[in-house]
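> Would you be able to build a 3D model of this:
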Amino acid sequence: SRMHIQSMAGYKVKITINNTDSIESLLDRKIINKATLTFDVEALSQSEYEAHERLVLVRVNNEGDNMFLSDFTIEGDEYFGGNLESTRYTFNITRYFNQLLNNELYTNNLYLLPAGAVVNANRTILNKDVKLQIFYSEL
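As a prediction, the model looks like this:
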């Protein structure tokens, strides 16, 4: 019912975006303006260890390598997100999401990792309910 992320040589979370064919058909003749993934920190989970100040979201390519999302590499930190705000992490994945739907070379697998994992002993426990929001315009 929860997802755990631990620094050092700890845990990371694998996220798979399923039903991309259904999503693609729902978005037929629509332009994606923005897509975000939101993760909420489990209530009362920071009593022993603080949640990470920042998490990083990476995609897995067909060879199994972790790759930064183009939302991060092209647009930068401020646009991409991943900072803990109150009890929530939000990532802007608009570029990745468009590429996922339109490029067969993109996989639907992502990893959520702690930033600065080698220099802290933080632990983040997230609710398993992940929110994908897609903002679009009609053609």
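> So which elements touch the helix ranked longest in the chain?
Assignment by DSSP state H gives helix 94-102 as the longest helix of the chain. On a contact count with 3 or more C-beta pairs under 8 Å, 6 or more residues apart in numbering; DSSP states H and E, helix 94-102 meets helix 20-26, strand 30-40, helix 70-75. Quick note: C-beta positions are derived from backbone N, CA and C, even for glycine.
> Out of those, name the one with the poorest average pLDDT.
When the helices and strands packed on helix 94-102 are ranked by mean pLDDT, helix 20-26 comes last with a mean of 91.
> how distant is that one from the center of its chain?
How far helix 20-26 lies from its chain's middle: 19 Å, per C-alpha atoms, centre = their mean, to the nearest Å.
> buried ones in it?
residue 23 (16 or more other C-beta atoms under 10 Å).
> what does that helix contact?
Helix 20-26 has contacts (C-beta atoms under 8 Å, 6 or more residues apart in numbering) with 17, 100-101, 108, 134.
> Greatest separation within those residues: which pair is it?
108 and 134 (14.7 Å; C-beta to C-beta).
> Surely residue 125 forms part of a strand?
Yes: counting by DSSP: H, G, I helix; E, B strand; the rest coil, residue 125 is part of a strand.
> got the contact list for it?
Contacts of residue 125 by C-beta under 8 Å, 6+ apart are 2-5, 41-42, 45, 51.
> run the last query once more with 10 Å
2-6, 41-46, 49, 51 (C-beta atoms under 10 Å, 6 or more residues apart in numbering).
> Could you export the residues you listed as CSV, including pLDDT and secondary structure?
Shown next, in CSV, are the contacts of residue 125 (pLDDT from 0 to 100; DSSP: H, G, I helix; E, B strand; the rest coil):
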residue, pLDDT, secondary structure
2, 83, strand
3, 85, strand
4, 85, strand
5, 84, strand
6, 80, strand
41, 93, strand
42, 90, coil
43, 85, coil
44, 82, coil
45, 84, coil
46, 78, coil
49, 78, coil
51, 87, coil
